[in-house]
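Participant: What follows is a predicted structure for the sequence shown.
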Amino acid sequence: MTETLFDNARNRVGQSCPPIWMMRQAGRYQASYRAFKEKFSFEQMCKLPQIASDVAMLPIKEYDFDVAILFSDILFHIESLGIPLKFDPSPKFAFDLTEENYKNHLFKQKSINHLEFQARAIKKTKEKLPFKKNLVGFVGGPWTLMNYACGQTKVTNQFKIKFIKDNIVPLLQNSIRQQTKAGADSVMIFDSGLHNLPKGLFDKEYCKILADLASLENTVYYSKNLPYNSMNKLIEIQFSGIGIDSTVDLPKILQKVQKGFVQGNFDETLLLQNSETILRYEINKWLDTIEDTTGWVCGLGHGILKDTPPTNVRIFVDMVRNYFR
């Protein structure tokens, strides 16, 4: 066996207990996170590498997760193209990307230089991680980033696809390489904003774009409510890992995937339970469906919700480990 539970899952090495990782595992549900928010703005928490690494370590220290994740935001990649961003408290761009101004916001080397703070945060976090813990980075999915960048301005889908191919893809490829070089064991591509992507465009163009990203080593694709029953196409692209939400049949996907790992997929809303008895019942019912943990990273269908009781997170982690050991 290799060194860590996450390495075993990535390499499809059989093991009894899967690694546990959750999207947004550092977040507002934690009192320790809220304490940081009283001292620093969200942007400071992301862009000051020492603080970003401290925040990323909070759930590792409190819940003993097997994987830490870079503390940052997907929208800094749009900011790197020269569109000012502020969090007030929700993210707001100074203006939208349009078919008239896009030439002022093309991908250049300075875009990657702008994101250097993420690489430094990864290095700092890596230094603090205990032995046998892993670290992942992340970027936003191309279509999701374009939705944010264009905002309320109406642009054609053809414009979006061309801008993605010419600018977003090279930006993300370089960022993934930068994060990997800094020490990230995998880099997640979070692409939850596909609601307005037409099926024809998804089939003919977007899958090719995703394949370009999948060609990079250790890239993981994570989409909420993946459209058009397209999980089979996603599996065929052969990312190093895929994340699935709670609507997907986890045991079935674990059987289908023969390369890389599957991340997910307990329904995050069930962690809102105020009844420990009901929560334990739901977790056990879910775990009983899983016969083979090979290639599985245990977690949620999406991120931890801000109103999640911290006790429920601890119950989840303890129950998973006790169930499989």
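Facilitator: In hand now; what should we look at? Numbers count the residues shown, from 1 in each chain.
Participant: ranges for the strands of the stretch 201-325 of the chain?
Facilitator: Assigned strands in the stretch 201-325 of the chain, in chain order: 219-222, 241-243, 261-266, 296-300 (criterion: DSSP state E, counting those that start in this stretch).
Participant: Select, out of the ones you listed, the one closest to residue 148.
Facilitator: Judged by CB to CB, the one of the strands of the stretch 201-325 of the chain that comes nearest to residue 148 is strand 219-222, at 16.4 Å. From N, CA and C alone the C-beta is placed, and that goes for glycine too.
Participant: what lines up beside the closest one in the sheet?
Facilitator: When sheet partners are counted by DSSP bridges, strand 219-222 sits next to strand 186-190 (parallel), strand 241-243 (parallel).
Participant: TSV for those, including distance to residue 218 and mean pLDDT?
Facilitator: As requested, these are exported to TSV (distance: least, CB to CB, whole Å; pLDDT from 0 to 100):
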stretch	distance to residue 218	mean pLDDT
strand 186-190	5	97
strand 241-243	8	95
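Participant: Low-confidence regions, this structure specifically.
Facilitator: With pLDDT under 70 as the threshold, the chain has low-confidence stretches at 1-2, 227-228.
Participant: From the centre of it, point out the most distant residue.
Facilitator: Here the chain has its C-alpha centre computed as a mean, and the residue farthest from that point, by CA atoms, centre = their mean, is residue 100 with 31.6 Å.
Participant: Would you reformat the strands paired with strand 219-222 as JSON lines and include mean neighbour count?
Facilitator: As requested, the strands paired with strand 219-222 are exported to JSON lines (neighbours: other CB atoms under 10 Å):
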{"stretch": "strand 186-190", "mean neighbour count": "25"}
{"stretch": "strand 241-243", "mean neighbour count": "26"}
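Participant: Now render those strands as TSV, adding distance to residue 67.
Facilitator: Formatted as TSV, those follow (distance: least, CB to CB, whole Å):
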stretch	distance to residue 67
strand 186-190	9
strand 241-243	11
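Participant: related to what we said a few turns ago, identify whichever of the strands of the stretch 201-325 of the chain lies nearest to residue 130.
Facilitator: Ranking the strands of the stretch 201-325 of the chain by their distance to residue 130 (criterion: CB to CB) puts strand 296-300 first, at 18.0 Å.
Participant: tell me the helices in the stretch 151-300 of the chain, going along the chain?
Facilitator: With DSSP state H, counting those that start in this stretch as the criterion, the stretch 151-300 of the chain has helices at 157-163, 169-182, 199-201, 207-214, 231-237, 250-256, 276-287.
Participant: for these, which one ends up most surrounded?
Facilitator: Mean neighbour counts were taken over the helices of the stretch 151-300 of the chain using mean count of other CB atoms under 10 Å, and the top value, a mean of 19, falls to helix 169-182.
Participant: what about the residue farthest from the centre of the chain, helix or strand, and which?
Facilitator: Under the criterion DSSP states H and E, no helix or strand holds residue 100.
Participant: Now for the closest residue to residue 111 other than its chain neighbours: which residues touch it?
Facilitator: In space, not counting the residues next to it along the chain, residue 111 is nearest to residue 80; the distance is 4.1 Å by CB to CB, 6 or more residues apart in numbering. If a contact means CB atoms under 8 Å, 6 or more residues apart in numbering, then residue 80 has 110-112, 114-115, 171 as its contacts.
Participant: In terms of distance to residue 9, which of these ranks first?
Facilitator: residue 115 (27.4 Å).
Participant: show me the contacts for the closest one.
Facilitator: For residue 115, the contact set (CB under 8 Å, 6+ apart) comprises 76-77, 80, 175, 178.
Participant: How about residue 137?
Facilitator: Contact partners of residue 137, counting by CB under 8 Å, 6+ apart, are 69-70, 118, 122, 176, 179-180, 182, 184, 186-188.
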